[in-house]
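**Q** Build the 3D model from these lines:
(2 chains)
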There are 2 protein chains.
Amino acid sequence: MPYELDKTASSFEQDFKEFLEARRDSEQAVDEIVAAIIDRVRREGDAALLELTEKLDRVPLSADTLRFSKREIDEAERLCERQTLEALELATERISDYHRRQKPEDLSYDDATGVRLGHRWNAIDAVGLYVPGGTASYPSSVLMNAIPAKVAGVSRVAMAVPTPDGQVAPLVLAAARMAGVDEIYRMGGAQAVAALAYGTESVAPVDKITGPGNAYVASAKRQVFGHVGIDMIAGPSEILVVADAENDPSWIAADLLSQAEHDTSAQSILISDDADFLEKVKRQIEVYLQRLPRSEIAGESWHTHGALIRVGQLDEAAELVNRVAPEHLELAVAEPEQLAAHIRHAGAIFLGRHTPEALGDYLAGPNHVLPTGRSARFSSGLSVLDFLKRSSVIQATETSLPAVGPPAMTLARAEGLDAHALSLAVRLGLDKQGD
Amino acid sequence: MPYELDKTASSFEQDFKEFLEARRDSEQAVDEIVAAIIDRVRREGDAALLELTEKLDRVPLSADTLRFSKREIDEAERLCERQTLEALELATERISDYHRRQKPEDLSYDDATGVRLGHRWNAIDAVGLYVPGGTASYPSSVLMNAIPAKVAGVSRVAMAVPTPDGQVAPLVLAAARMAGVDEIYRMGGAQAVAALAYGTESVAPVDKITGPGNAYVASAKRQVFGHVGIDMIAGPSEILVVADAENDPSWIAADLLSQAEHDTSAQSILISDDADFLEKVKRQIEVYLQRLPRSEIAGESWHTHGALIRVGQLDEAAELVNRVAPEHLELAVAEPEQLAAHIRHAGAIFLGRHTPEALGDYLAGPNHVLPTGRSARFSSGLSVLDFLKRSSVIQATETSLPAVGPPAMTLARAEGLDAHALSLAVRLGLDKQGD
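**A** Numbers count the residues shown, from 1 in each chain, chains lettered A, B, ... in the order given. This next block holds a predicted model:
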């Protein structure tokens, strides 16, 4: 059964702490296996990649068939329903439009001393996008990862998707094409991450790898981090809904289940000031669980990790939200902006009664790759910024250097870095022994 | 002796590749030791932290003396030279001014369907700043880490600095106060990182940890990553100078040594189109090495990792720069902007003959925490953005939801996520079995 907490109870603080600290992810001892796979792919290239793919995905491939051909992608597109492709196109358009507004500006100015300062943004050259195979192979995730990269100006987006027993979701290939992915490889797991990070004869290396994956993929991303960039390591997903009694309990029940159906370790939390409303939502969830196709997953998630939290006043919810720092936050209340003003930590905020989280998963526009497991305290959802990097720019001249050089020399000497001071002194005519 | 490469030679491509791939960092097997330390601090709190500090830094402390008192910081300030404090104040002012210009704007707009979209930035609540002890204890690094956090609006910046044998650089404490650091603890190594990440009785946990450190600190940061945020794991530092023959060789020699004196694994690279100029710089470096206080370190760095690269034409330098993706790039040429226009990957660019890199280390304004070891391909220097995170915002209404809800339902069903579709259907009056 879900957790039930009452903020008006004297045990609340202790109960809430235990709830916050309860672990949901089953950590597996995969690091060593993954390290060995990465090492093999680094040393043996294609040979290791193809052998591991045949062994783990049961697909015999060659250097020629590793990559999907244009014809294979055409074929996959033909297998997709027209209505779904149209929805995917709308999503592509809306996600692109939103992400274009994230593009940052370059900066350049001359300060009072005449020193020119600024920064310039450049796109990463090549990005690898990991897409899980099987049931977790979501076309929406392809869009959410590839579009920001392309909007940023990444010239090469290479996608890896495992094809266990040769199977791949046609919509995933269609979405990749729509989002502008340049290369798609039939590979998965740690071996795919290694191939993207270090390159093989058939796969050119990339500079950064993004996208979700299982424990092996997550471990591989951690291990190649530093050699290439990575996005966050996603943990189990969560939603927190703050709702008053004016909501239709069935709407809120559906929202909580939309998170729970992702994964047995997903978490759905409802905060309300009305005990009766909480009870109604709880009952409605059981009704829905009778008929939903993924009720086994959703039920296990809800009964193990779900939570109903009663607060005395709705405005007490903000503090609890900030402590949970949820990936998704719905504010299904009469004045959502009033409450939102007090929210400091949340991956995405869905305002009002008519904004179910699922809208953001597909085509509202903002990214659905969001910080999980309380990491919204210190990180943000995926964005165009993740595919750009900044060079700072400094230009002093013969006339401006004398204004800032001497104090810099003072600090260099205070740190015992005399060659630093020397590089300033020679330019200021202050070094007598130079030549 | 430094590497000497000639782009006009037939072996250049092979030589340059080997040069790029040569390892400079000595990876140590510290992960297990660090994991044990983190585990102990997590379980035992202050007791483990104080015992490890006594053992490793030879300082017996109590919960009361772990943190520097206001009086101790006053005292440290009095020990600093007035001229140095003034230079530090100028640096604080200039760094603050530059970083204030990095603050991003919130976004909010209504799209054509009437859906409100946007994002909001919030500061991280609490940040831990690691400062190395001993000879690598640099006040400039305190400013470069703490100021962006404070400009971002971080309300609590807690600093950890080890005090081996009770020693600490007074300027480090003065810089911390000047930059607005809120708490300073006498602790270092993996135990300090663990205390900041998980908290103890005396040290409240933080949400993100930044700052440089040795192999133990780097390993600890990697291990607590996910539970808290971290900045990049800094590797050995490097400079690449592109210089024509019009430069004074002694200026360029000093610049190359200013990088080399940091660390024996630092790297200094000079690219020029003039063989005679390269030779002159090489000779001048040996002259300077006779008299610089840190010539042992600088000499080992230069002779082991340094490089002189001759190109046929200066404009060929841009491609090599992009492949090196240097932390620091000096363009000591007549038309630096022309060359800079072709640079895609560099942490910081110093334009023209009068902008030695040391200026950027102290007080030009931009951050000196920059991506090392070719990671400028995919990452940026430290900035205000590293201490902020973004919540996306979505608000649909009864009138706008019908425009975007149905295609989202189509995609949810295509992905087999029926509760997602249900959460939209109930709001659109399309679910008949709801209650």
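**Q** Excluding chain neighbours, give the residue nearest to the most centrally placed residue in chain A in space.
**A** The centroid of chain A falls nearest to A:Val369 when counting by C-alpha atoms, centre = their mean (3.6 Å). Spatial nearest neighbour of A:Val369, chain neighbours left out: A:Leu382 (3.8 Å); criterion: C-beta to C-beta, 6 or more residues apart in numbering or on different chains. In short, each C-beta sits where N, CA and C put it, glycine included.
**Q** Check whether the one you found really touches A:Ala146, as I assumed.
**A** No: using C-beta atoms under 8 Å, A:Leu382 is not in contact with A:Ala146; the gap is 10.7 Å.
**Q** ok, these two, which is more surrounded?
**A** A:Ala146 (29 against 23; other C-beta atoms under 10 Å in any protein chain shown).
**Q** and the more buried one, what element?
**A** Per DSSP states H and E, A:Ala146 falls inside helix A:139-152.
**Q** Show me what the mean pLDDT comes to for that helix.
**A** Averaging pLDDT along helix A:139-152 gives 97.
**Q** Kindly report the same for stretch A:223-239.
**A** Per-residue scores along stretch A:223-239 average to 87.
**Q** okay, how far is it across that stretch, tip to tip?
**A** 29 Å (C-alpha to C-alpha, to the nearest Å).
**Q** Find the closest residue to chain B in the stretch 201-350 of chain A.
**A** A:Gly229 (3.4 Å; C-beta to the nearest C-beta).
**Q** chain center to the helix or strand where that residue lies: distance?
**A** Using DSSP H and E, A:Gly229 maps to strand A:229-230. The chain centroid and the centroid of strand A:229-230 are separated by 11 Å, computed with C-alpha atoms, centre = their mean, to the nearest Å.
**Q** In chain A, what residue spans correspond to strands?
**A** Along chain A, counting by DSSP state E, strands occupy A:3-6, A:107-110, A:116-123, A:126-130, A:156-160, A:183-185, A:208-210, A:229-230, A:238-243, A:267-272, A:307-310, A:328-332, A:348-351, A:388-395.
**Q** looking at those strands, which has the lowest confidence?
**A** Among the strands of chain A, strand A:3-6 scores lowest, at a mean of 84.
**Q** thinking again about what came up before, chain center to the helix holding A:Ala146, what's the gap?
**A** Taking mean C-alpha positions (C-alpha atoms, centre = their mean), helix A:139-152 and its chain are 11 Å apart.
**Q** ok, and does that helix reach over to chain B?
**A** Yes: under the criterion of C-beta under 8 Å from any C-beta of the partner chain, chain B is reached by helix A:139-152 at A:139-140.
**Q** Give the buried residues for that helix.
**A** Going by neighbour count (16 or more other C-beta atoms under 10 Å in any protein chain shown), the buried part of helix A:139-152 is A:139-152.
**Q** tilt between that helix and strand A:126-130?
**A** Orientation check (axes from the mean of the first three to the mean of the last three C-alpha atoms, to 10 degrees): helix A:139-152 against strand A:126-130 gives 170 degrees.
**Q** Against which helices or strands is helix A:139-152 packed?
**A** Under the contact definition 3 or more C-beta pairs under 8 Å, 6 or more residues apart in numbering or on different chains; DSSP states H and E, helix A:139-152 sits against helix A:82-100, strand A:126-130, strand A:156-160, helix A:170-179, helix B:401-414.
**Q** Would you mind giving those as TSV with distance to B:Val41 added?
**A** What follows is the helices and strands packed on helix A:139-152, written out as TSV (distance: least, C-beta to C-beta, whole Å):
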stretch	distance to B:Val41
helix A:82-100	41
strand A:126-130	34
strand A:156-160	38
helix A:170-179	44
helix B:401-414	45
